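Novice: Any chance you can model this:
(2 chains)
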Amino acid sequence: MNKPIRVVSVFCLVLFMALLVNVTYLMYVRADTLSDDPRNRRIITATFSRERGAILVGKDAVARSVPSDDKYKFQRVYPQPMKYAPITGYFSWYGQTGVESSQNSVLAGDDSRLFVTRLVDMLSNSDPKGGNVQLAANAAAQDAAWEGLEALPGDAQGAVVALEPTTGRVLAMASTPTFDPNKLASHDFGAVADLSKELNADPREPLINRAIGTTLPPGSTFKLVTAAAAIESGNYDADSQVPGGYRFKLPQSTTSVGNYDGGNCGGRRITLTQALQVSCNVTFMSLANELGVDAMADQAEAFGFNDTSLEDLGGQAESLYPRDLDPPQTALSGIGQSSVTATPLQMAMVVAAIANDGDVMRPYVVDEVRAANLSVLDRTDPQSISKAISSTTAEELTTMMVATVDSGTATPAQIPGVQVAGKTGTAQSTADRPPYAWFVSFAPADNPQVAVAVLVQSSDTSRSEIGGGRLGGPIAKAVMEAVINQ
Amino acid sequence: MSQTGTLMGFVHRRRRGAELFLLVLALAVGIGAYAAVGLGVEGAVPADIIGYGGWLTGLIVAAHITVRIVAPYADPVLLPLVAALNGLGLAVLRRLDLTYESLGDPHTFARQQLTWMTLGVVLFIVTLVLLRDHRVLQRFTYTAGLLGIALLILPFLPLVGREINGARIWINVAGFSFQPGEVAKVMLVIAFAGYLVLHRDALALAGRRVVFVDLPRGRDLGPILAMFGVSMMILVLQNDLGSSLLFFGLFLAMLYVATERAGWLVVGGLLFGAGALAAYTFVGNVQNRFNFWLHPMDYYDASPGSYQLVEALFGQGWGGLIGRGFGNGFPERVPFAYSDFILSTIGEELGLTAIMAVILCYGLIVERALRIALISRDGFGKLMAVGLGTIIALQVFVVIGGVTGLIPLTGLTTPFLSYGGSSLVANWVVVALLLRISDQARRPTPRLDPVDDAGEDSETTQVVKLR
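Specialist: The predicted model follows:
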């Protein structure tokens, strides 16, 4: 009988091996998937009752956990709730957004980089403590951005993004209207659910981070991309003569489009610099028409269109330059109309690349990750995503943008004693809604420290006031000054 | 059995010292886990650790001394393995008690389990003391068989039978509820072993060869059909796929070992496959279990749904490699965490490491049982050891496989870990039977040949003498 007993033994061995393999798969391989399941209340309860790490700007916490006397032990508080809400996001019983979500594993203390800390916590039987996240943001720039948006008249919707051109660090990111993360972090879950419902139903979409989540036609600010494509083609420089005039007749169509102010841009033939200075629609439509959809799309993609670049913050919408535009649409795309759409972050990346000799840097909001004992675990290294334009093209564009601020449409951004490079934009949506106002700039022109994009989406201001840099210019100026004057 | 002849010259050592050393380790697991539960949940070593530890030590020492006296050659590894598992189970139950108490639903699972363990050890001792030779049991082949079947039928009888959580596998006597199936499996092992050892030749030799497989004679199919009927009855009437698989699998394994004919496995496998397929088609419950197993995440909110399984999977996933530590998990989220799903509690709070250790402990128990079967000198002992080992292997596979999502979930207890008196007591008796068989198997054979006496102590002497 011993032979079949051996067979039975082997069979039992197979059974137990199957158990061991399966349990390893379940608890090691599949564990992450299970943890990510939104119905997994263990994860939520545990992260909710843990001393979560702080989110820091400079030395100040913009999100931190303080002891609470209920069963969850800790309450998340946001000392400057509205100002930093687009970056921090919220941490509620029902979920997280923003950095609270993207850096959840570090803040909650589950990250593998915190392994040693976790081991010590476990051996000492103390509750695990989360690591801290140091934001790339600059407090003064963020203050200026937020105050600028708050000061907008009426019921404005807008966003500001400021980047450090050489690294891509996000110095400021503000959006309005926004929400109070303190209320969403409350332990009164009923109230949180009600508020969450209310915020989701709000037509002004306060939960959206407009700086990265809203795509709109970039309007005249996109002329920078068109100009870049023109200069990169080798046929143009800042002083080249380009077509001006009153109107441009779209190809394959009877429609003709004029300039914003109805003028002729200063003549039938003008320099490219002058065309950018006065934001001449005719010039840039004819350039886009001449370059064609492929060259335009290549240039736009080199700046980061048709892709997302932000890796440490969720909710980024893709800025689009469709490759299937027909010739009239291509001509219109030259002035940032048609189906071209961009986020404020994307337009900030365009000017930051011009400021950085043509190198597009990957934007990042998280600068450092630290353990609870403040030792640095990880630091974001600046990373170049693409070379959008040559450094000579960048210089030419800078000169043209400086001229636009000195004596063109972008004068509201002038800073005494500092050379500022900038460009305004006004884009049409529908006739019954006010246009969107854009403003992009960087400074100082010779040694760029900050690149800004401002979007004012809707405001009770009258139509005439919105054009040019009247709304966006002062905000961009304040943000640039905040960075330069440090 | 021809192999046993080659073992004649080899004399097993008693190894009682080794068993004592392993038992100290096992007690360290049990009492250490109990202390860790107190530290983790309440922040202090439990006040009754001395009393508890003393009681546990007393039970284990009593079992050890009994083995020393009445079964000195018994396998030295089995008792420590069982003691470690039982100790760990008690600690985990204590941990669950504390949580349920804080939720306003007080239970005394650990205390009751300790009482049952005491009864189990007493029966363990009684079995070893009264049963000096396992072959005596062969006399009770048919008695045991009838008793086993009767025990399986008991839950269907009015007055005593009770249905708990959809499975009619309980009886209620004098305020105690009891799962007769746990005792029935021991009875059935004895019955099968007795029956097969007598009829193995008829079952093994007669038959036809069809395409390389020796198929049994039609008239010999009687017992296998009877056992198949019993299994299907359990499946359909009791809604209990696990027990059904357990009994039929046990019978097939013993039949195969007794006859050395794989043809029986083919016939049995086909029969059970057909039965399971029929059950899947006609019994809604079985179908549900299958769906929950294949797509657990889709039925999380359904009723009946896979909430229990998914929560267990969440818990184990969350436990990860080393677990959350006692008191830092949420095992109370899994319904019946104290019985069928005790393993998910262990996984959540002690991690993959502990689950692997537990599975290996079971694996070793099965390995010891099958080793006892290999070295046993009589067919009845061999078959009993195989049967008892197979039962533990199948039960562990079915319940752990179910809890970890390897196979569809069925309701079975985890031997020695789960809360449940009938299971614990029956399993202690199983261990006693295994130790008794191994004592018989490892004991030096009585010297019948007077010529051998001269070289009794030394192999070298024997070799010299042979030359």
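Novice: residues near residue 121, how many?
Specialist: As the question left the chain open, I've gone with chain A. A:Asp121: 17 surrounding residues under other C-beta atoms under 10 Å in any protein chain shown. C-betas here are computed from N, CA, C, even on glycine.
Novice: Not quite, go with chain B.
Specialist: Using other C-beta under 10 Å, B:Val121 has 24 other residues around it.
Novice: A:Gly262 is in what secondary structure piece?
Specialist: Under the criterion DSSP states H and E, no helix or strand holds A:Gly262.
Novice: and what of A:Val170?
Specialist: strand A:170-176.
Novice: Without its sequence neighbours, what residue ends up closest to A:Arg41?
Specialist: Of all residues not flanking A:Arg41 in the chain, B:Arg333 sits nearest, at 6.9 Å (C-beta to C-beta, 6 or more residues apart in numbering or on different chains).
Novice: quick one on the thing from earlier: okay, now the sheet partners of the strand holding A:Val170, with direction.
Specialist: Strand A:170-176 has its sheet partners listed here by DSSP bridges as strand A:157-163 (antiparallel).
Novice: Just list the residues touching B:Leu152, thanks.
Specialist: Shown in contact with B:Leu152 (C-beta atoms under 8 Å, 6 or more residues apart in numbering or on different chains): B:Pro180, B:Gly181, B:Ala184, B:Val230, B:Met233, B:Ile234.
Novice: would you list those in CSV and tack on neighbour count and pLDDT?
Specialist: Shown next, in CSV, are the contacts of B:Leu152 (neighbours: other C-beta atoms under 10 Å in any protein chain shown; pLDDT from 0 to 100):
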residue, neighbour count, pLDDT
B:Pro180, 24, 86
B:Gly181, 29, 85
B:Ala184, 26, 90
B:Val230, 20, 79
B:Met233, 15, 78
B:Ile234, 26, 74
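Novice: What residues sit buried inside the helix or strand encompassing A:Arg42?
Specialist: Using DSSP H and E, A:Arg42 falls within helix A:41-48. For helix A:41-48, the neighbour count (16 or more other C-beta atoms under 10 Å in any protein chain shown) marks A:Arg42, A:Ile43, A:Ile44, A:Ala46, A:Thr47, A:Phe48 as buried.
Novice: Surely the last one and A:Trp93 touch.
Specialist: Pointing back at A:Phe48 there. Yes: using C-beta atoms under 8 Å, A:Phe48 makes contact with A:Trp93 at a distance of 6.1 Å.
Novice: and for the strand of greatest length in chain B, what are the contacting residues?
Specialist: Looking across chain B with DSSP state E, the single longest strand is strand B:167-173. By C-beta under 8 Å, 6+ apart, the surrounding residues in contact with strand B:167-173 are B:154-157, B:160-164, B:177-181, B:237-240, B:243, B:411.
Novice: before we move on, the earlier item: elements contacting the helix or strand following the helix holding A:Arg42?
Specialist: Counting by DSSP H and E, the next helix or strand C-terminal to helix A:41-48 is strand A:55-57. Contact here means 3 or more C-beta pairs under 8 Å, 6 or more residues apart in numbering or on different chains; DSSP states H and E; on that basis strand A:55-57 packs against strand A:60-67, helix A:81-88, strand A:132-135.
Novice: Of the ones you listed, give the one that comes closest to A:Ala300.
Specialist: Proximity to A:Ala300 (C-beta to C-beta) singles out helix A:81-88 among the helices and strands packed on strand A:55-57, at 24.9 Å.
Novice: Quick one: closest of the helices and strands packed on strand A:55-57 to B:Trp318.
Specialist: Closest approach to B:Trp318 among the helices and strands packed on strand A:55-57 is made by strand A:60-67 (20.7 Å; C-beta to C-beta).
Novice: Quick one: residues in contact with that closest one.
Specialist: So strand A:60-67 is in contact with A:50-56, A:73-80, A:83-84, A:87-88, A:91, A:99-100, A:130, A:135, A:139, A:181, going by C-beta under 8 Å, 6+ apart.
Novice: What strands line up against it, and which way round?
Specialist: strand A:55-57 (antiparallel), strand A:74-77 (antiparallel).
Novice: after the longest strand of chain B comes which helix or strand?
Specialist: Next along the chain after strand B:167-173, taking DSSP H and E as the criterion, comes strand B:176-178.
Novice: Which residue does the stretch 301-450 of chain A have closest to chain B?
Specialist: Closest contact between the stretch 301-450 of chain A and chain B, by C-beta to the nearest C-beta, is at A:Ala372 (17.5 Å).
Novice: Find me the pLDDT at that residue, would you?
Specialist: Listed pLDDT for A:Ala372 reads 82.
Novice: can you put the helices and strands packed on strand A:55-57 in JSON lines and add mean neighbour count and mean pLDDT?
Specialist: Shown next, in JSON lines, are those (neighbours: other C-beta under 10 Å; pLDDT from 0 to 100):
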{"stretch": "strand A:60-67", "mean neighbour count": "18", "mean pLDDT": "92"}
{"stretch": "helix A:81-88", "mean neighbour count": "26", "mean pLDDT": "94"}
{"stretch": "strand A:132-135", "mean neighbour count": "25", "mean pLDDT": "94"}
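Novice: I'd like the ones you listed as CSV, with distance to A:Arg113 appended.
Specialist: Converted to CSV, those look like this (distance: least, C-beta to C-beta, whole Å):
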stretch, distance to A:Arg113
strand A:60-67, 19
helix A:81-88, 21
strand A:132-135, 12
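Novice: and of the ones you listed, who's closest to B:Gly87?
Specialist: strand A:60-67 (37.4 Å).
Novice: Wait, a helix at A:Asp143?
Specialist: Yes: membership of A:Asp143 in a helix is supported by DSSP: H, G, I helix; E, B strand; the rest coil.
Novice: Now do the helix holding A:Arg42, average pLDDT.
Specialist: Per-residue pLDDT over helix A:41-48 has a mean of 79.
Novice: Count residues in the vicinity of B:Leu25, would you?
Specialist: Neighbours around B:Leu25, by other C-beta under 10 Å: 12.
Novice: Where does it fall, secondary structure wise?
Specialist: Per DSSP H and E: helix B:16-37 holds B:Leu25.
Novice: on that earlier part again, tell me which strands and helices the helix holding A:Arg42 is in contact with?
Specialist: Counting by 3+ C-beta pairs under 8 Å, 6+ apart, helix A:41-48 packs on helix A:104-108, helix B:307-319.
Novice: got TSV for those helices, with mean neighbour count too?
Specialist: Shown next, in TSV, are the helices and strands packed on helix A:41-48 (neighbours: other C-beta atoms under 10 Å in any protein chain shown):
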stretch	mean neighbour count
helix A:104-108	23
helix B:307-319	26
